[in-house]
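**Student:** have a look; sequence and predicted model below, questions after that.
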Amino acid sequence: MTATDRAIASRQGRAPRLPGRIALVTGAAGSIGAAIAEAFAREGATVIVTDIHQAGAAELARRLGGRASARRLDVRDELAWAALMAHVLDAHGRLDVLVNGAGIVVPGQAGRHDPEHACLADWHAVHRSVLDGTFLGCKHALRTMRRARPSGAGGSIVNVLSHAGVVGLAAAAAYASSQAAVRNHSRSVALYCAEQGLTVRCNSVHAPAFLPSMSDPAPDTGGQRAEAPAASLAESSQRRLAAFAEVAAFAVFLAAHESAHLTGAELHADGALGARCAPGSRSAGAPSATRRSR
């Protein structure tokens, strides 16, 4: 049992942290997206589970029980976003939390994805899923949250990213580029909301290497997840990668009222990996002897 599992167990019988919150999670048929949806439901939220793989989303909603529902969503489709938000308002009257977790590492077809050999079509496919999908999610969540905010209640947007957006990734150039773009867009959303006087926050959670939770919306994959190439990132100083439940715990914190004044922030579930790679660090740019990917 991990420390996070013990912490979850110790919360049995305590008041939930997200009571009555209406939360929408994209890419929820995958591992980290599912862990976040499960954590939200456990903390008292009503969860709309979305994924392009509808069967996986429906199965998760069934397991979560009465406070969960499933909807198919292709995050690249703006009309689908608009229809989904209309459904959320009709069914629940408001949206409190959006977690943008959908995306792909590399397209389903074979090929090399480094900066020299990646093809333009693959570059566009990854950016459409990761960057365009997050942009559309933020855009339509902001409009929905602006229309239906209970007095004194704040909305929260959580963008789930990988550490590749911080340090780059030679084997998956488009993925690293898209992650970096979403990282900066999260700040833009946070600044915009502050300037507009909106009680909506936008923060990001970063996990090391690749996120296997990310659903692959490419129509030619037959519902299969993209295989992540080996990462060339330095190993975490804690000698292990973050568990799904640990990343989900960050998302719960960012969705809860206790983080009401936190916006434009980046939370790194990386066991000091970022510190190892930071400029000026003794190990910056120097991979450890043991490399791990997931």
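**Tutor:** Alright, I've got the coordinates.
**Student:** need the strands for the stretch 101-250 of the chain, in chain order.
**Tutor:** For the stretch 101-250 of the chain, applying DSSP state E, counting those that start in this stretch gives strands covering 155-162, 200-207.
**Student:** avg pLDDT for the last one?
**Tutor:** On average, the pLDDT along strand 200-207 is 95.
**Student:** which neighbouring elements make contact with that strand?
**Tutor:** Secondary-structure packing of strand 200-207 (3 or more CB pairs under 8 Å, 6 or more residues apart in numbering; DSSP states H and E): helix 133-147, strand 155-162, helix 173-196, helix 244-255, strand 266-268. Just so you know, the C-beta spots here come from the backbone N, C-alpha and C atoms, and that holds for glycine as well.
**Student:** how far off centre is stretch 173-190?
**Tutor:** Counting by CA atoms, centre = their mean, to the nearest Å, stretch 173-190 is centred 12 Å from the centre of its parent chain.
**Student:** for stretch 187-204, same thing?
**Tutor:** With CA atoms, centre = their mean as the basis, the mean position of stretch 187-204 lies at 17 Å from the chain mean.
**Student:** same question, stretch 75-87
**Tutor:** For stretch 75-87, the distance to the chain centre is 18 Å (CA atoms, centre = their mean).
**Student:** and what of stretch 31-41?
**Tutor:** For stretch 31-41, the distance to the chain centre is 10 Å (CA atoms, centre = their mean).
**Student:** using CSV, list the CA coordinates for it.
**Tutor:** Taking C-alpha atoms only, stretch 31-41 is exported to CSV below (Å, rounded to 0.1, in the frame of the first residue of the first chain):
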residue,chain,number,x,y,z
SER,A,31,-5.6,5.0,-16.3
ILE,A,32,-5.0,8.5,-14.8
GLY,A,33,-8.3,9.9,-16.1
ALA,A,34,-10.1,7.0,-14.5
ALA,A,35,-8.2,7.5,-11.2
ILE,A,36,-9.2,11.1,-11.1
ALA,A,37,-12.8,10.3,-11.8
GLU,A,38,-12.8,7.7,-9.1
ALA,A,39,-11.2,10.1,-6.6
PHE,A,40,-13.7,12.8,-7.4
ALA,A,41,-16.6,10.4,-6.9
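**Student:** ok, then the element right after the helix or strand of the chain with the lowest mean pLDDT?
**Tutor:** Ranked by mean pLDDT, DSSP states H and E, the weakest helix or strand in the chain is helix 3-10, scoring a mean of 51. Once the chain leaves helix 3-10, the next helix or strand it forms, by DSSP states H and E, is strand 22-25.
**Student:** contacts for the very next helix or strand once past that next one, please.
**Tutor:** Going down the chain from strand 22-25, the next helix or strand is helix 31-42, by DSSP H and E. Contacts with helix 31-42, where a contact means CB atoms under 8 Å, 6 or more residues apart in numbering, come from 8, 16, 18, 21, 23, 25-28, 47, 49, 51, 60, 64-65, 67-68, 97, 99, 101-102, 160, 207, 211-215, 244-245, 247-249, 251-252, 255.
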